[in-house]
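**Q** structure, please.
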Amino acid sequence: MNEHPKYDTCFFERYARETLIDLVGTRYAGLVNLDRPDLQDHALSIGIEVTRAMREGKRPAENMINNVAGEQVVSPGLNQERTNKIMDEDKNAGYGFVLNGQAIGKAEKIYWQNALPLQNIIHNKVEKVIDGFYGHFKEFGLYIFSLEHLQQSDIVETVDWIVDLQKGKKLHYDYLYISQCDELWECNLNLREATRHAISVEKRKFYYHKALVMEEDRLLKEKKESIRRLIRSRKHGYMESQLVDWSKDACHQIERTQKWKEARSVLLYSNLPDEIQTKQLMEDAISSGKTVVLPAVVGDDLELRLYKGEESLQTGAFRILEPNGNAYFGEIDLAIVPGMAFDKKGHRLGRGKGFYDRLFCHLNCYKIGLCFHFQILESLPVEEHDICMDCVISNVLNTPQLP
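**A** The predicted structure follows:
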């Protein structure tokens, strides 16, 4: 990726989410990063505002975010290659990581210089939640990264102060979370209880790198979804009759290939309305004596089943026609695969469910991506689990063939 890791407010929200899930409870696993408040789970009606606080003055700003990330090492549980890549970008970008117990980097310094003292932050956030600024969730939480390292007595005093500020108000914070790098205070404001969770250096490393990986994944998903919207828009720009004609052209090109002619068993697909139509291709394959197999969605995976004619099909998941009958475990010589988009290196972008990527992890055969010419792009964003096609064929004669 070209984007460097980001140590802005979104980074801290992702970091906060990871600490809540790990230390407080998995019920926070559904939190997503949105605005007003920062973290939300509408299914459980939870809203959590994330902010940061520090003492006024230049020295705290210079100390910044001491030890939030731990040392610059690969954290266990994450893909080492990805983690190393992110950390290299981190270093080269001149942002920051902890070195000799001190966090360094321009972005953190700017971020923390804009922070307010803890009391001012809390007062401001309480007023906003009371006024309905953050909406009407059943449960509100306030998560504060603090450079003021509070003792238990300070936490108790803070809890009492917030409870008094909110007294008698319909909307109020139910929980306060104060993160001090090496510990998280979980405060139940309704019960006036405070629980301390110690955060080891190893855990800090894990949260830190997990937050960076989450941002990388988010950017990648946004790029993929943007491409899907582009392809949908292009499809809507053509008449149905034109797509039908192009489907015939693309299927004729498949049948001209040596791989098709030599294949004794072929994996095809029942097309959705906006895909290359494969009905005639299936019938031609049966007529020429080939074994035809189609996928059926079973849970999160594709199960292969024999195609025995149109009468053997039934409507399955996502309104796709699927063969009835038992699973097929025989050989597959050739797979014809649909997709939202392909690039000139054979990378494929599906609809986001990952069915074909999981299928081809244990199915070894020659793979041809089949699509309209406008679905072939110069390049696609690629993830580690994405399976590459051996060839891409469209309705035009000059479709780029892959090595």
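**Q** give me the mean pLDDT for the longest helix anywhere in the chain.
**A** The longest helix of the chain (DSSP state H) is helix 201-236. The average pLDDT for helix 201-236 rounds to 84.
**Q** could you pull out the strands in the stretch 101-250 of the chain for me?
**A** Remark: strands assigned in the stretch 101-250 of the chain by DSSP state E, counting those that start in this stretch are 102-103, 139-146, 175-179, 183-188, 193-198.
**Q** and the stretch 301-403 of the chain, by the same measure?
**A** 301-306, 313-315, 321-323, 334-337, 341-343, 348-349, 366-370, 376-377, 391-393.
**Q** got a markdown table for the ones you listed, with mean pLDDT and distance to residue 221 too?
**A** Backbone N, C-alpha and C define where each C-beta goes, glycine included. Listed next are these as a markdown table, based on pLDDT from 0 to 100; distance: least, Cβ to Cβ, whole Å:
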| stretch | mean pLDDT | distance to residue 221 |
| --- | --- | --- |
| strand 301-306 | 95 | 21 |
| strand 313-315 | 91 | 29 |
| strand 321-323 | 93 | 28 |
| strand 334-337 | 98 | 21 |
| strand 341-343 | 96 | 15 |
| strand 348-349 | 96 | 11 |
| strand 366-370 | 97 | 21 |
| strand 376-377 | 96 | 17 |
| strand 391-393 | 95 | 23 |
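**Q** okay, these in JSON lines with distance to residue 291 next?
**A** Conversion of the strands of the stretch 301-403 of the chain to JSON lines gives the following (distance: least, Cβ to Cβ, whole Å):
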{"stretch": "strand 301-306", "distance to residue 291": "7"}
{"stretch": "strand 313-315", "distance to residue 291": "16"}
{"stretch": "strand 321-323", "distance to residue 291": "12"}
{"stretch": "strand 334-337", "distance to residue 291": "11"}
{"stretch": "strand 341-343", "distance to residue 291": "26"}
{"stretch": "strand 348-349", "distance to residue 291": "24"}
{"stretch": "strand 366-370", "distance to residue 291": "15"}
{"stretch": "strand 376-377", "distance to residue 291": "29"}
{"stretch": "strand 391-393", "distance to residue 291": "21"}
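**Q** just send those back as CSV, with mean neighbour count and distance to residue 224 too.
**A** Below are the strands of the stretch 301-403 of the chain laid out as CSV (neighbours: other Cβ atoms under 10 Å; distance: least, Cβ to Cβ, whole Å):
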stretch, mean neighbour count, distance to residue 224
strand 301-306, 18, 20
strand 313-315, 13, 28
strand 321-323, 21, 26
strand 334-337, 24, 17
strand 341-343, 24, 9
strand 348-349, 23, 6
strand 366-370, 23, 16
strand 376-377, 18, 12
strand 391-393, 23, 18
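**Q** which among these is found nearest to residue 122?
**A** Minimum separation from residue 122 across the strands of the stretch 301-403 of the chain (Cβ to Cβ) falls at strand 348-349, 45.8 Å.
**Q** the closest one pairs with which strands, parallel or anti?
**A** strand 341-343 (antiparallel) (DSSP bridges).
**Q** now the partner strand, how far from the centre of its chain.
**A** 20 Å (Cα atoms, centre = their mean, to the nearest Å).
**Q** before we move on, back to that, for residue 304, which of the strands of the stretch 101-250 of the chain is the nearest?
**A** Closest of these to residue 304 is strand 139-146, at 46.1 Å (criterion: Cβ to Cβ).
**Q** so which bits of the closest one are buried?
**A** Neighbour-count burial for strand 139-146 flags 140-146 (criterion: 16 or more other Cβ atoms under 10 Å).
**Q** and of the strands of the stretch 301-403 of the chain, who's closest to residue 247?
**A** Once the strands of the stretch 301-403 of the chain are compared by Cβ to Cβ, strand 366-370 is nearest, at 9.3 Å.
**Q** may I have the secondary structure class of residue 50?
**A** Secondary structure state of residue 50, per DSSP: H, G, I helix; E, B strand; the rest coil, is strand.
**Q** where's it relative to residue 18, distance?
**A** 12 Å (Cβ to Cβ, to the nearest Å).
**Q** so between these two, which is more surrounded?
**A** Per other Cβ atoms under 10 Å, whichever of residue 50 and residue 18 has more neighbours is residue 50, with 24 against 19.
**Q** in the sheet, who's paired with that one?
**A** Applying DSSP bridges, one finds that residue 50 bridges with residue 143.
**Q** what sits against it?
**A** Residues near residue 50 by Cβ atoms under 8 Å, 6 or more residues apart in numbering: 9, 12-13, 16, 37-39, 143-145.
**Q** related to what we said a few turns ago, quick check: which of the strands of the stretch 101-250 of the chain is nearest to residue 115?
**A** Within the strands of the stretch 101-250 of the chain, the stretch nearest residue 115 is strand 139-146; the backing value is 8.4 Å (Cβ to Cβ).
**Q** for the nearest residue to residue 130 once chain neighbours are set aside, report the pLDDT, please.
**A** By the measure of Cβ to Cβ, 6 or more residues apart in numbering, the closest residue to residue 130 outside its immediate chain neighbours is residue 169, 4.8 Å from it. The model reports residue 169 with a pLDDT of 95.
**Q** for stretch 10-30, give the mean pLDDT please.
**A** Rounded mean pLDDT across stretch 10-30 is 91.
**Q** what are the buried residues along it?
**A** Neighbour-count burial for stretch 10-30, counted by 16+ other Cβ under 10 Å, picks out 10-24, 28.
**Q** need the distance between the two termini of it.
**A** End-to-end distance for stretch 10-30, by Cα to Cα, to the nearest Å: 16 Å.
**Q** the domain parsing of this structure - what is it?
**A** Per automatic domain parsing, the structural domains of the chain span 9-218, 238-393.
**Q** show the average pLDDT along the helix or strand where residue 282 lies.
**A** Assigned by DSSP states H and E, residue 282 belongs to helix 279-287. In this model, helix 279-287 has a mean pLDDT of 95.
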